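Novice: please find the sequence and the predicted model below.
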Amino acid sequence: MMKLAKRMSLWVVLGAVFFMIIQVISDLYLPTLTADIINNGVAKGDTDYIWQVGFKMLGFSLISIAAATGNVLLASRESQKLGKTLRSDIYKKVSNFSNDEFDQVGTASLITRTTNDVVQIQNVVMMFLRMMIMAPIMLIGASFLAYSKDAQLTKIFIIVLPVLAIFIGLVMVFAVPLFKSIQKKTDKLNLVFREGLTGIRVIRAFNRSNYEADRFKEANQDYTNTAIKVNTIMSFMLPVMTFIMSATNIAIIWNGGHYIADGTLEVGNLISFMTYAMQILMSFMMLSMVFVFVPRGQASAARINEVLDMESKINDPKTPAQLPTTKQGTLDFNHVDFRYQGAENLALKEIDFHAKNGQVVAIIGGTGSGKSSLSNLIPRFYDVESGEIKIDGIDIREMKQHDLRNRVGFVPQKAVLFTGSIRDNLQYGKKDATDEEIWKALEIAQSKDFVSELPDGLDTFVEQGGGNFSGGQKQRLAIARALVKQPDVYVFDDSFSALDFKTDAALRKALKPEIKEAIVVLVAQRISTVVDADIIIVLDEGQVAGIGTHQELKETNVTYQEIISSQLREEEIA
Ligand SMILES: Nc1ncnc2c1ncn2[C@@H]1O[C@H](COP(=O)(O)OP(=O)(O)OP(=O)(O)O)[C@@H](O)[C@H]1O
């Protein structure tokens, strides 16, 4: 928690503490003034004295109110600011995560940590700046002042305080573990809810709505049961505390009455003692809240720190390579081996090929042969285990990730569009792209027709996840987005798969003259997509089973021939 708290402004924290100390001093002084006004003013009928002390009391009350307001303002401002800083720190950190780290924490948990856990931290900070410091000062001050009013009455606390301590201890023992587990249950609830929402079509298609509803119900019930349990325990706090306070008051009045009758205690002192006694009990109550909520905040802090301390395996080099002003236009894979984190086997082994500007490198192979893995290495979503990948003769690990990704136009297997207009989506890689450039990219990506038929054209709103477009349309818009960027290396990770044969062929034909100054890496499942490629790499179980042109491979490579025969009749590809 302290690690996270370092993000707070020391001056604001000191300011809040200062106001709080002023408030406590005023609150502690008021009962003494009450005793004074009763003993020396009311009892002696001295009106002037009553006015004088009365004004003093009013003054201290106003000071207390002003200080409390100042404290709350600063505390809430600082806790909100800390929340904002934490959320952006987590966001910044997560946006630099490689896919390995995402897999490790899970998206649902990342969302809970950014929202729910941050709120817990804010609550603890608020509590710290109000109660955590106030309670001990008030406890010590009120005990001392109560003792000074009447030492005999303080004996009551010998019984009250241990009872209170045992009760608070019991609450802590039962409530704290439950509070901690609530965070994990929130994760689970978010995960099930998220899966249910993102997979809604599959769930409906497989008639699994009831199953998913049950799964959600179970997670929801589990969360609710824990929340009810913890709230039940907490609900004992108030009545028990009220009972203890009332019992203490009765004991004080009972004993105090006798002392007054004996003439050993003044009425004013009894009343102020009662107020101090309440302040002592209130301090205990505040401390008990702190003891319950701090471990909960601590659990949240640990979950946030886990994310913030996670080191992304993919980082910028300390001294990044300067990119040459004149482009060589080359892409080299030199003996590349790659393994997913924790995997036993290599996903790619000894990948070695060289491409230059204007060339299309097609990667083909069965499912799970490593095609996507290979294409993910180019924008450095993962790092190679050994070997190197070079663009323009520079190892991509020596470039700044920003520079590298500026040079790569990546179109993933599953097209991703963002909410906003078509124009916003297409300007994603080039903010200042003109409408002319956008239309040209749309034309190459075979999307001009359908976009121009839309009533709002480029201003058409793209719904969440591109929901108002078909799979093929989304794919073509994603391709157009990469084209607008005009990168040095295009990576199409099976992005033509959602297109029909005709559109696929037309797109490749339109693309050819546009990529003279670029290299295209084209992952494909269909032979027809790769026939015109300059270099075809046949992957089999992560290894290069063949490399060459369509004609060469067709004649000599068994794996390639198998792919052909599994897909098309010979005459269709001749
Ligand atoms: N994130 C991951 N963590 C661990 N292993 C993975 C991960 N992604 C893929 N793999 C494994 O790596 C191998 C290659 O997968 P890859 O996705 O590159 O194949 P692919 O040729 O693109 O397949 P497809 O055509 O079905 O998309 C497979 O054995 C797969 O199980």
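Specialist: Cool, the structure landed. Numbers count the residues shown, from 1 in each chain.
Novice: identify the bridge partners of I389.
Specialist: In this structure, I389 bridges to F333 when assessed by DSSP bridges.
Novice: does L374 touch I363 like I think?
Specialist: Yes. Counting by Cβ atoms under 8 Å, L374 does reach I363; the two are 5.8 Å apart. Quick note: C-beta positions are derived from backbone N, CA and C, even for glycine.
Novice: neighbours of S209, just the number please.
Specialist: 12 (other Cβ atoms under 10 Å).
Novice: cool, I396 as well?
Specialist: Residues near I396, counting by other Cβ under 10 Å: 24.
Novice: contact residues of the chain facing the ligand?
Specialist: With Cβ under 6 Å from any ligand atom as the criterion, the chain meets the ligand at residues 103, 340, 343, 347, 365, 367-373.
Novice: go with 8 Å
Specialist: 99-100, 103, 340-343, 345, 347-348, 365-376, 413, 493-494, 523, 525, 539, 542 (Cβ under 8 Å from any ligand atom).
Novice: next up, the contacts around A441.
Specialist: Contact analysis of A441 by Cβ atoms under 8 Å, 6 or more residues apart in numbering lists 426, 480-481, 483-484.
Novice: pick out the most distant pair among those.
Specialist: For these, with distances taken as Cβ to Cβ, the pair at the greatest spread is L426 and L483 (8.8 Å).
Novice: sorry, back to before: where do the contact lists of L374 and I363 overlap?
Specialist: Counting by Cβ under 8 Å, 6+ apart, the residues touching both L374 and I363 are 523, 539.
Novice: and for I250, the neighbour number?
Specialist: By the other Cβ under 10 Å criterion, the neighbourhood of I250 contains 10 residues.
Novice: quick check: mean pLDDT of the helix or strand encompassing it?
Specialist: Using DSSP states H and E, I250 sits in helix 209-262. In this model, helix 209-262 has a mean pLDDT of 90.
Novice: adjust the sequence numbering to begin at 50 for everything that follows.
Specialist: Let's use 50 as the start, then, which means that last one is helix 258-311.
Novice: for that helix, which helices and strands make contact with it?
Specialist: helix 205-247, helix 316-358 (3 or more Cβ pairs under 8 Å, 6 or more residues apart in numbering; DSSP states H and E).
Novice: want to throw those helices into CSV with distance to E437, mean neighbour count and mean pLDDT?
Specialist: What follows is the helices and strands packed on helix 258-311, written out as CSV (distance: least, Cβ to Cβ, whole Å; neighbours: other Cβ atoms under 10 Å; pLDDT from 0 to 100):
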stretch, distance to E437, mean neighbour count, mean pLDDT
helix 205-247, 37, 17, 85
helix 316-358, 29, 20, 88
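Novice: now render those as a markdown table, adding distance to M69.
Specialist: Output for these, formatted as a markdown table (distance: least, Cβ to Cβ, whole Å):
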| stretch | distance to M69 |
| --- | --- |
| helix 205-247 | 22 |
| helix 316-358 | 12 |
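Novice: any weak-confidence spans in this protein?
Specialist: Low-confidence regions of the chain, defined by pLDDT under 70, span residues 617-623.
Novice: find the centremost residue of it, please.
Specialist: Centroid-nearest residue in the chain, with Cα atoms, centre = their mean: T163, separated by 3.3 Å.
Novice: that one - nearest residue in space that isn't next to it in sequence?
Specialist: Excluding the flanking residues, the one nearest T163 by Cβ to Cβ, 6 or more residues apart in numbering is I139, at 5.0 Å.
Novice: secondary structure element holding the one you found?
Specialist: Using DSSP H and E, I139 falls in helix 96-144.
Novice: please apply the same query to R525.
Specialist: helix 520-534.
Novice: list the helices and strands that helix packs on?
Specialist: Using 3+ Cβ pairs under 8 Å, 6+ apart: helix 520-534 touches strand 457-460, helix 471-475, helix 484-493, strand 538-542, helix 550-560.
Novice: can you list contacts of it?
Specialist: For helix 520-534, contacts defined as Cβ under 8 Å, 6+ apart pick out 458-461, 464-466, 471, 474-479, 482, 486-487, 489-491, 493-496, 499, 511, 515, 518, 539, 541, 544-549, 552, 556, 560, 563.
Novice: just the angle between that helix and helix 484-493, please?
Specialist: Angle of helix 520-534 versus helix 484-493, following axes from the mean of the first three to the mean of the last three Cα atoms, to 10 degrees, is 130 degrees.
Novice: buried stuff in helix 520-534?
Specialist: Using 16 or more other Cβ atoms under 10 Å as the test for burial, helix 520-534 gives 521-534.
Novice: which of the three states applies to I400?
Specialist: State at I400, reduced to three classes by DSSP: H, G, I helix; E, B strand; the rest coil: strand.
Novice: so what's it closest to, chain neighbours aside?
Specialist: Leaving aside its sequence neighbours, I400 sits nearest to V385 (Cβ to Cβ, 6+ apart; 4.2 Å).
Novice: ok but that neighbour is inside a strand, no?
Specialist: Yes. According to three-state DSSP, V385 belongs to a strand.
Novice: residues contacting it?
Specialist: 397, 399-401, 426, 433, 435-438.
Novice: contacting residues for L556?
Specialist: Taking Cβ under 8 Å, 6+ apart as the criterion, L556 is in contact with 493-495, 525, 528, 545, 548.
Novice: S295: how many residues sit nearby?
Specialist: Using other Cβ under 10 Å, the number of residues around S295 comes to 10.
Novice: revised request: answer the last question for V511.
Specialist: Per other Cβ under 10 Å, the neighbour tally for V511 reads 20.
Novice: also T605?
Specialist: T605 is flanked by 11 other residues according to other Cβ under 10 Å.
Novice: pretty sure it sits against G597.
Specialist: Yes. T605 is in contact with G597 according to Cβ under 8 Å; the separation is 7.5 Å.
Novice: mind checking which of the helices and strands packed on helix 258-311 is nearest G108?
Specialist: helix 316-358 (17.7 Å).
Novice: would you map the strands across the stretch 500-623 of the chain?
Specialist: 510-511, 538-542, 568-573, 584-589, 592-597 (DSSP state E, counting those that start in this stretch).
Novice: dump these to CSV, plus distance to A268.
Specialist: Shown next, in CSV, are these (distance: least, Cβ to Cβ, whole Å):
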stretch, distance to A268
strand 510-511, 32
strand 538-542, 34
strand 568-573, 37
strand 584-589, 40
strand 592-597, 43
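Novice: stretch 468-483: which residues count as buried?
Specialist: Under the neighbour-count criterion of 16+ other Cβ under 10 Å, stretch 468-483 has 471-479, 482 buried.
Novice: again with stretch 280-290
Specialist: Going by neighbour count (16+ other Cβ under 10 Å), the buried part of stretch 280-290 is 282-283, 286, 289-290.
Novice: do stretch 592-610 as well
Specialist: 593-599, 602-603, 606, 608-610.
Novice: what's the nearest residue to R257 if we skip its chain neighbours?
Specialist: Per Cβ to Cβ, 6+ apart, closest to R257 is V251, 7.8 Å.
Novice: phi, psi of that neighbour?
Specialist: Note on V251: backbone dihedrals following degrees, to the nearest 10 are phi -60, psi -40.
Novice: now for the spatially closest residue to L330 that is not a sequence neighbour, how many residues are close by?
Specialist: Nearest residue to L330, sequence neighbours excluded (Cβ to Cβ, 6+ apart): M294, at 5.3 Å. M294 is flanked by 17 other residues according to other Cβ under 10 Å.
Novice: do the one 10 residues further on as well
Specialist: By other Cβ under 10 Å, 18 other residues sit near N304.
Novice: can you pull the contacts of the closest residue to it other than its chain neighbours?
Specialist: The shortest distance from N304 to any non-neighbouring residue, by Cβ to Cβ, 6+ apart, is to L202 (6.0 Å). Residues near L202 by Cβ under 8 Å, 6+ apart: 195, 301, 304-305, 308, 314, 319, 322.
Novice: next: L475.
Specialist: 482, 487, 490-491, 507, 526, 529-530, 533.
Novice: neighbours around I71, how many?
Specialist: By other Cβ under 10 Å, neighbour count at I71 equals 17.
Novice: quick one: the strand or helix carrying it to helix 96-144, angle?
Specialist: Assigned by DSSP H and E, I71 belongs to helix 59-85. Using the same axes, to 10 degrees, the direction of helix 59-85 lies 150 degrees away from that of helix 96-144.
Novice: okay then, goodbye and thanks.
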